[in-house]
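Novice: Please work out how this folds:
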Amino acid sequence: MFEFDQYLGFLAFLTILTIGFWLMIFLLAFVVPYWLFGNLIEIFKEKREARRAAREE
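Specialist: Just a heads-up that it's a prediction; the model follows:
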């Protein structure tokens, strides 16, 4: 059926596939929302500071 080197190649393929799957889940569930939320907060802070600076002039 399978020789030993084919078995190791199949295991390597499954390992890489599984790592890629969980990496995509991690990126979509945690990293991307964290990045977007942080950027929105920074944009809000910049607009608020610009309004304060315009009001003080």
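Novice: gap between the lengthiest helix in the chain and the chain center?
Specialist: Secondary structure of the chain per DSSP state H: the longest helix is helix 32-56. The gap between where helix 32-56 is centred and where its chain is centred comes out at 21 Å by CA atoms, centre = their mean, to the nearest Å.
Novice: go on, stretch 26-36?
Specialist: Mean-position distance between stretch 26-36 and its chain equals 4 Å (CA atoms, centre = their mean).
Novice: In that stretch, which residues are buried?
Specialist: Neighbour counts using 16 or more other CB atoms under 10 Å place no residue of stretch 26-36 among the buried ones. (Each C-beta comes from the backbone N, C-alpha and C, glycine too.)
Novice: Can you say which helix or strand has L14 in it?
Specialist: Assigning secondary structure by DSSP states H and E places L14 in helix 4-26.
Novice: Give me the angle between the longest helix of the chain and helix 4-26.
Specialist: On the basis of axes from the mean of the first three to the mean of the last three CA atoms, to 10 degrees, helix 32-56 is oriented at 30 degrees to helix 4-26.
Novice: can you list contacts of helix 32-56?
Specialist: Contacts to helix 32-56, defined as CB atoms under 8 Å, 6 or more residues apart in numbering, come from no residue at all.
Novice: Report pLDDT for F21.
Specialist: With respect to pLDDT, F21 scores 98.
Novice: Could you tell me the end-to-end distance of stretch 19-35?
Specialist: End-to-end span of stretch 19-35 (CA to CA, to the nearest Å): 22 Å.
Novice: Next, report how far it is displaced from the centre of its chain.
Specialist: Distance, stretch centre to chain centre, for stretch 19-35: 4 Å (CA atoms, centre = their mean).
Novice: and what of stretch 17-35?
Specialist: Between the centre of stretch 17-35 and the centre of its host chain there is 5 Å, according to CA atoms, centre = their mean.
Novice: First-to-last residue distance for that stretch?
Specialist: Terminal residues of stretch 17-35 lie 25 Å apart, using CA to CA.
Novice: Let's verify F2: helix, strand, or coil?
Specialist: Here F2 is recorded as coil under DSSP: H, G, I helix; E, B strand; the rest coil.
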